[in-house]
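# No sequence on hand, only this structure:
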Ligand code: ADP
Ligand code: F6P
């Protein structure tokens, strides 16, 4: 079998027992790589000499060779903080009002893609199959082709793709579409994203193969992890602290796409409009800090600090506070245990490519007494998880109503809804997702 070469901005180089990196890409590909020989290339996560040093650091672990390069301070600012996270991220999540465009950042983004291509070209064998991931690397195939690379190159976008009219607002967006058309296959999370990208390509007179490959989860593995974790000291500590109260749980990177302020407000509305829940529920939000160098992300943290303080101040009692929120990274096993404990999984992004946490909540449940998932209808996962309570995440009242329905739902309906959701997890695992994509790429 040809060697698989994964390319992504962030590379989850194994680091002993450190807390796992939050983020769907690392999680999905780790599951998908089990037991095959592969090379994984990308940024080391370190700021170093950058452009001056094109010799990658190499680490071999469990059949995977990890090859990474550092970015210089300027490369990091222009390519990662600037164009990837300041321009593309909000645009792809339909947030025009947050998009900032600077030509020097777009040029820095292209320069880092050219450098990635130069280093990667030196590591490739002729029959390697190359699989590039996410919006940081739109121009990579075009850059590799310019260097004479003839390998098959596929691309998967982990985040949404907006309608053509919205994408058209991006200065020099045509150039990015021409770059995307250089891939042999473009994989998207949902049919809607595929249609949007096809529309944008057609509008620019371009043609490419675009197909939906909704990302999956190693549900069985995660269920086992959750079962084991439920007996761990960590989960027991959380369970005891609840004192019999129902746990509502959110787990997300601290990102404005995740709809956290509305979620906090939804919790407030729940207490106001359905006061019977007061003192009987605890909402825990785990949200590790992400992209803290961007102003919008720092502002979001301040906003949530304020909201949590105000809501707790108004509703808490001497022995109970409705909201607990944690911004440090948490071990994956602990998260699995917490998700199993959650009576309600609260996943209300304003827009999300898939949202793996939604699937993890389903996988973690006790089949005999499952919790309920309250899910944004604008997460890619909503197309698959018909057993969830779907809400409009822009409306805190609708979130509150969803939470109330979930909290008051009888066992029979909970079990039926959980079975609905589980059926989809079984037919679409992480391994099936990667096999499906690679089979289509090789076809
Ligand atoms: P995104 O890719 O936008 O971060 P997803 O929900 O698709 O969103 O993926 C997030 C992944 O990161 C999930 O697998 C989740 O379990 C993991 N994760 C989220 N929060 C944490 C955390 N605090 N610590 C470790 N992993 C986390
Ligand atoms: O899934 C979206 C994504 O941007 C991934 O590419 C990335 O691993 C994750 O979110 C976390 O973001 P970052 O790499 O910027 O910390």
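Nice, I can see it. From a predicted model like this one, the values you see are computed outputs, not experimental measurements. Ligands and ions are numbered 1, 2, ... in the order given.

# From here on, just use CA atoms for contacts and neighbour counts.
OK.

# Mind pulling up the pLDDT for the nearest residue to residue 251 once chain neighbours are set aside?
Excluding the flanking residues, the one nearest residue 251 by C-alpha to C-alpha, 6 or more residues apart in numbering is residue 286, at 4.8 Å. In this model, residue 286 is scored at 97, pLDDT.

# same check, this time on residue 52
On the pLDDT scale, residue 52 is placed at 68.

# With residue 35 instead?
68.

# Next: residue 20.
58.

# mind listing what residue 5 touches?
Applying C-alpha atoms under 8 Å, 6 or more residues apart in numbering, we find residue 5 in contact with 38, 39, 40, 41, 128, 129, 130, 131.

# same thing but at 7 Å, please
Applying C-alpha atoms under 7 Å, 6 or more residues apart in numbering to residue 5 gives the contacts 38, 39, 40, 128, 129, 130, 131.

# helices or strands up against the longest helix that the chain contains?
In terms of residue count, the longest helix belonging to the chain (DSSP state H) is helix 295-315. For helix 295-315, not one helix or strand is in contact under the criterion 3 or more C-alpha pairs under 7 Å, 6 or more residues apart in numbering; DSSP states H and E.

# after it comes which helix or strand?
Heading C-terminal from helix 295-315, the first helix or strand you meet, by DSSP states H and E, is strand 323-326.

# mean confidence for the helix or strand just after that next one?
Using DSSP H and E, the helix or strand that follows strand 323-326 towards the C-terminus is helix 332-341. Helix 332-341 shows a mean pLDDT of 96.

# How far away from the center of its chain is helix 332-341?
17 Å (C-alpha atoms, centre = their mean, to the nearest Å).

# now do stretch 330-349
15 Å.

# Please tell me how far the closest residue to residue 311 other than its chain neighbours sits from residue 307.
Once flanking residues are discounted, residue 311 sits nearest to residue 268: 6.4 Å by C-alpha to C-alpha, 6+ apart. As judged by C-alpha to C-alpha, to the nearest Å, residue 268 and residue 307 stand 10 Å apart.

# again, but for residue 386
Distance, residue 386 to residue 307, using C-alpha to C-alpha: 31 Å.

# Please say which of these two ends up with more neighbours.
Higher neighbour count among residue 386 and residue 307: residue 307, with 18 against 15, using other C-alpha atoms under 10 Å.

# What score does the more buried one have for pLDDT?
Taking residue 307 on its own, its pLDDT is 98.

# give the contact list for it.
No residues are in contact with residue 307 under the rule C-alpha under 7 Å, 6+ apart.

# if we go to 10 Å?
Residue 307 makes contact with 261, 262, 264, 265, 268, 301, 313, 323, according to C-alpha atoms under 10 Å, 6 or more residues apart in numbering.

# same check, this time on residue 390
Counted by C-alpha under 10 Å, 6+ apart, residue 390 has contacts 347-348, 373-379, 382, 398-399, 402.

# quick check, nearest of these to residue 277?
residue 402 (13.4 Å; C-alpha to C-alpha).

# contacting residues around the closest one?
266, 270, 344, 346, 372-375, 388-392, 396.

# rerun that using 6 Å as the cut-off
Going by C-alpha atoms under 6 Å, 6 or more residues apart in numbering, residue 402 touches no other residue.

# quick one: it from residue 299, how far?
28 Å.

# Repeat that for residue 282.
Distance of residue 282 to residue 299, given as C-alpha to C-alpha: 25 Å.

# Which one's more surrounded, these two?
residue 282 (24 against 13).

# looking at this, the more buried one is in a strand?
Yes - counting by DSSP: H, G, I helix; E, B strand; the rest coil, residue 282 is found in a strand.

# quick one: contacts of stretch 148-166?
Taking C-alpha under 6 Å, 6+ apart as the rule, stretch 148-166 contacts 92, 129-134, 183-188, 193, 196, 199-200, 353.

# Could you tell me whether residue 359 really is in a helix?
Yes - remark: residue 359 belongs to a helix, assigned using three-state DSSP.

# check contacts around it.
Per C-alpha under 6 Å, 6+ apart, neighbours of residue 359: none.

# Quick check: next helix or strand after the helix or strand hosting residue 234?
Residue 234 is part of helix 233-242 when elements are defined by DSSP H and E. Downstream of helix 233-242, the first helix or strand assigned by DSSP H and E is strand 246-251.

# What residues sit buried inside stretch 144-164?
Buried positions in stretch 144-164, judged by neighbour count with 16 or more other C-alpha atoms under 10 Å: 144-145, 149, 151-164.

# What of stretch 283-300?
For stretch 283-300, by 16+ other C-alpha under 10 Å, it's 283, 284, 285, 286, 287, 288, 289, 290, 297, 298, 300.

# The first one: what's its closest spatial neighbour, skipping adjacent residues?
Sequence neighbours aside, residue 248 is the residue nearest to residue 283 in space, at 4.5 Å (criterion: C-alpha to C-alpha, 6+ apart).

# who does that neighbour bridge with?
Here residue 248 sits in beta bridges with residue 283, residue 344, going by DSSP bridges.

# The host helix or strand of residue 436 near ligand 1 anywhere?
Taking DSSP H and E as the criterion, residue 436 maps to helix 430-442. No - Helix 430-442 stays clear of ligand 1 (C-alpha under 6 Å from any ligand atom), getting no nearer than 11.6 Å.

# so how far is that helix from its chain's centroid?
Per C-alpha atoms, centre = their mean, the centroid offset for helix 430-442 relative to its chain is 19 Å.

# How about the residues of the stretch 251-400 of the chain by ligand 2?
Near ligand 2, when you scan the stretch 251-400 of the chain using C-alpha under 6 Å from any ligand atom, you find 290, 291.

# So, low pLDDT: which residues of the stretch 251-400 of the chain?
The stretch 251-400 of the chain contains no residues with pLDDT under 70.

# so the residue nearest to residue 311 is in which element?
helix 260-273.

# Enumerate every residue touching the nearest residue to residue 58 once chain neighbours are set aside.
Ranked by C-alpha to C-alpha, 6+ apart and with sequence neighbours excluded, the top spatial neighbour of residue 58 is residue 67, at 4.6 Å. The neighbours of residue 67, taking C-alpha under 6 Å, 6+ apart as the test, are 41, 56, 57, 58.

# just curious, which of the residues you listed is nearest to ligand 2?
For these, the residue nearest ligand 2 by C-alpha to the nearest ligand atom is residue 41; the value is 13.5 Å.

# Quickly check: the strand or helix carrying that closest one near ligand 2 or not.
Here residue 41 sits within strand 38-47, counting by DSSP H and E. No - contact of strand 38-47 with ligand 2 (C-alpha under 6 Å from any ligand atom) is absent, the minimum separation being 8.8 Å.

# Which of the contacts of residue 67 fall in helices?
Using DSSP H, none of the contacts of residue 67 sit in helices.

# how about stretch 429-443: buried residues?
429, 430, 431, 432, 433, 434, 437, 438, 441.
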